[in-house]
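Chemist: Got a predicted structure here, sequence first:
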Amino acid sequence: MIKKIIFDLDGTLWQTSNSYIYSYQQVCKKYNIKNTVSNEVVLQYLGVKLSGVAEGLFKDVINQQEVAKDAMYYSIEYILNHPNECCYENLYEVISTLSKDNELYLISNCPKQYLDIFFKVSKTKEFFKEYYTIENGSKIEHLKKITNNYTDKAIFVGDAKDDYEAILNHQRIVFCYASYGYKKISEYDYKLSSLLELINIITQINQKDEMLKGYLYEVISENDTNITLIDKGNDLYYFGFVNKVLDCDLEKVIKKLEQRKLKKVIGPINGNTWYSYRFASDEFDFKLYPDCNNDENTLNLFKKYGYYVIQNYVSTLADINHKIWNRAKRIKLGKDYEIIKVKKDECFSYLDEIYDVAVDAFSKAPYYEEISKEDFNQFYVSGIKKLKPDMVLIFHNKKLVAFNMLYSDPEERFYVSKTTAIKSKYQHSLIILKLADYSFQLLTEAGFDKVLYHFQNDETKSMQVIFKNLLIKQKHYVLLGKTND
């Protein structure tokens, strides 16, 4: 869990580019320095140590340090006269929010006077536990002080290569790249396009840590592509994606994965939601919900590096099967059975029973990982609520033994059958047919004539009977593996 958040200053919490241009122009006037440097060159020294500014911009001046100090004071003068221009949007909101559950630190290459001005302008000093400037040492030294004898996870937010390099010897520090800042870098664990996104990223990291109790994991990144690698023990690793795999250089990340020479790797598994995040192995001409956003090229890239298919899955869009439905309508269960349909929020009155059925039904499924009831409610259910599902529930002697979860496609094109679960003791054709019967009832009540059976195991044939000869489209998925000797 993240307990400490460490910030760089320039290009991360505020931007002072105009103050640099102003100060350079003022110094040139004061010392009669020939102004031959473009604004673009001046801006290259944003966030650079004062000695570096002196050497780079005033290398032909005898009294470099004095001139550089004057440049700093002119920069401060500009900031004080333009306080609303410098701080990034939502700065106060983000810092004050994160300080409620975390210790905040600030480390910077700037002089202390510059940091004092930041606190004066941003009004955030009270939220930081400690702050360090160049007078106290380097960023590497500051990180050692902050994380000494610290066993939880920390996150360092910065915008430059030296920020990333400062954390390389700290396994418990995650690097978050402020891409809106001054520098362009390609190596990081997470990426921000705005400061406000940091709140969600830290929430996601903490959720993942909570769900992966007892398992070590790391993030392997290249530009906008990230893979989470989870150590399951006994030389087995799962991998999954932090970001969606779209228009990115996935091969560079796979090569980094290959360098690890792991004994056995299986994926993609999504550690954020705990269901298999399977590859789409062929194209599909409209989006499913949820979907993987992968394609055949992605699959072939993994195969190029020796990955093989462990298991096939399929999503099938079909017309309603009236023949099956007519047969299912005639099926009668015993008097000790009860079948009900529940819609939207009413579904969540049965969460405990639904959890128990799912654990029993999927316990023997390949790579199934049971999650605690607490995690089920906290993580899985929160996602399901956004879909506003309907459910068919079958009880035997007043105890839930089977359910089917369905929901309307968000674009209102068809009905989605997402999860069917039947306790192992009750897995027979009569129960399956009655689930189909009541599911078709829900479908027609919602005004649809098409149903999407989503993420079904392609190796089990029972569902194929329902959409036989009525198939409209199919999209295939795979779970991949690789074994190294």
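Modeler: Great, that's in hand.

Chemist: Listing request: residues of the stretch 101-250 of the chain with sub-threshold pLDDT.
Modeler: Along the stretch 101-250 of the chain, segments meeting pLDDT under 70 span 211-214, 223-224, 241-248.

Chemist: next one: the stretch 351-485 of the chain
Modeler: For the stretch 351-485 of the chain (pLDDT under 70), the answer is 378-379, 455, 457-468.

Chemist: Which parts of it are helices?
Modeler: Assigned by DSSP state H, counting those that start in this stretch, the helices in the stretch 351-485 of the chain fall at 351-362, 373-375, 381-387, 429-445, 462-466.

Chemist: now those in JSON lines, with mean neighbour count and distance to Val37?
Modeler: All C-beta atoms are positioned from the backbone trio N, CA, C, and that covers glycine. What follows is the helices of the stretch 351-485 of the chain, written out as JSON lines (neighbours: other Cβ atoms under 10 Å; distance: least, Cβ to Cβ, whole Å):
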{"stretch": "helix 351-362", "mean neighbour count": "17", "distance to Val37": "65"}
{"stretch": "helix 373-375", "mean neighbour count": "13", "distance to Val37": "57"}
{"stretch": "helix 381-387", "mean neighbour count": "14", "distance to Val37": "53"}
{"stretch": "helix 429-445", "mean neighbour count": "19", "distance to Val37": "69"}
{"stretch": "helix 462-466", "mean neighbour count": "16", "distance to Val37": "69"}
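
Chemist: closest one to Phe58 among those helices?
Modeler: Taking Cβ to Cβ, helix 381-387 is the member of the helices of the stretch 351-485 of the chain nearest to Phe58, at 55.9 Å.

Chemist: The closest one packs against which elements?
Modeler: With contacts defined as 3 or more Cβ pairs under 8 Å, 6 or more residues apart in numbering; DSSP states H and E, helix 381-387 has no helix or strand neighbours.

Chemist: before we move on, back to that, any chance of the helices of the stretch 351-485 of the chain in a markdown table with distance to Val41 as columns?
Modeler: Listed next are those as a markdown table, based on distance: least, Cβ to Cβ, whole Å:
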| stretch | distance to Val41 |
| --- | --- |
| helix 351-362 | 61 |
| helix 373-375 | 53 |
| helix 381-387 | 49 |
| helix 429-445 | 65 |
| helix 462-466 | 65 |
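
Chemist: of the ones you listed, which approaches Leu9 most closely?
Modeler: helix 381-387 (34.9 Å).

Chemist: Dump that closest one to PDB, restricted to CA.
Modeler: The C-alpha coordinates for helix 381-387 follow below in PDB (Å, rounded to 0.1, in the frame of the first residue of the first chain):
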ATOM      1  CA  VAL A 381     -19.200  -5.500  -7.300                       C
ATOM      2  CA  SER A 382     -18.300  -1.800  -7.800                       C
ATOM      3  CA  GLY A 383     -17.600  -2.500 -11.400                       C
ATOM      4  CA  ILE A 384     -20.800  -4.600 -11.900                       C
ATOM      5  CA  LYS A 385     -22.900  -1.800 -10.500                       C
ATOM      6  CA  LYS A 386     -21.900   0.400 -13.400                       C
ATOM      7  CA  LEU A 387     -23.500  -2.100 -15.800                       C
END
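
Chemist: Fine by me, thanks again.
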